[in-house]
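Asker: take a look and give me a structure for this.
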Amino acid sequence: MISKEEIKKVAEPKIKEQGGFFVDVKVNTANVITVFFDRMEGVQVEHCLIISKYIEEYFDREVEDYELTVFSFPFFFYASQYYSLI
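Answerer: Below is the predicted model:
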């Protein structure tokens, strides 16, 4: 299983390069990885794609299978609040 520390070590510099800041990373026992970040100027889909592709280049799926999602923290937070009210 890929550790949270490994993901953060890889993701954080790329997030900073995109003008953002690392918020959190979650990794479950099924190797489902969720990376949360934000930018003061707002996050575009392109930022998520750039970070996701960068992480995928670093970790070889032939060695370890995983699922990766990169989220803007406020989007995930507000969306989860909305769906919890429905």
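
Asker: can you name the residues bridging to residue 27?
Answerer: residue 33 (DSSP bridges).

Asker: since we're on it, how many residues are nearby?
Answerer: 18 (other C-beta atoms under 10 Å). (Glycine included, C-beta is placed from N, CA and C.)

Asker: how much space between it and residue 2?
Answerer: From residue 27 over to residue 2 the distance is 6 Å, taken as C-beta to C-beta, to the nearest Å.

Asker: shared neighbours, these two?
Answerer: residue 33 (C-beta atoms under 8 Å, 6 or more residues apart in numbering).

Asker: okay, buried residues for stretch 61-72 please.
Answerer: By neighbour count on 16 or more other C-beta atoms under 10 Å, the buried set for stretch 61-72 is 66, 68, 70, 71, 72.

Asker: so what's the last one closest to, chain neighbours aside?
Answerer: Leaving aside its sequence neighbours, residue 72 sits nearest to residue 43 (C-beta to C-beta, 6 or more residues apart in numbering; 3.6 Å).

Asker: please name the residues that touch the residue nearest the centre of the chain.
Answerer: By C-alpha atoms, centre = their mean, the chain has its centre lying nearest to residue 35, at 2.1 Å. Counting by C-beta under 8 Å, 6+ apart, residue 35 makes contact with 7, 11, 22, 24, 25, 51, 52, 55, 68, 69, 70, 71.

Asker: what do you get if the cut-off is 7 Å, keeping everything else the same?
Answerer: Residues counted as contacts of residue 35 (C-beta atoms under 7 Å, 6 or more residues apart in numbering) are 7, 11, 25, 51, 70.

Asker: and those, which is closest to residue 18?
Answerer: Taking C-beta to C-beta as the measure, residue 18 lies nearest residue 51 of these, at 6.6 Å.
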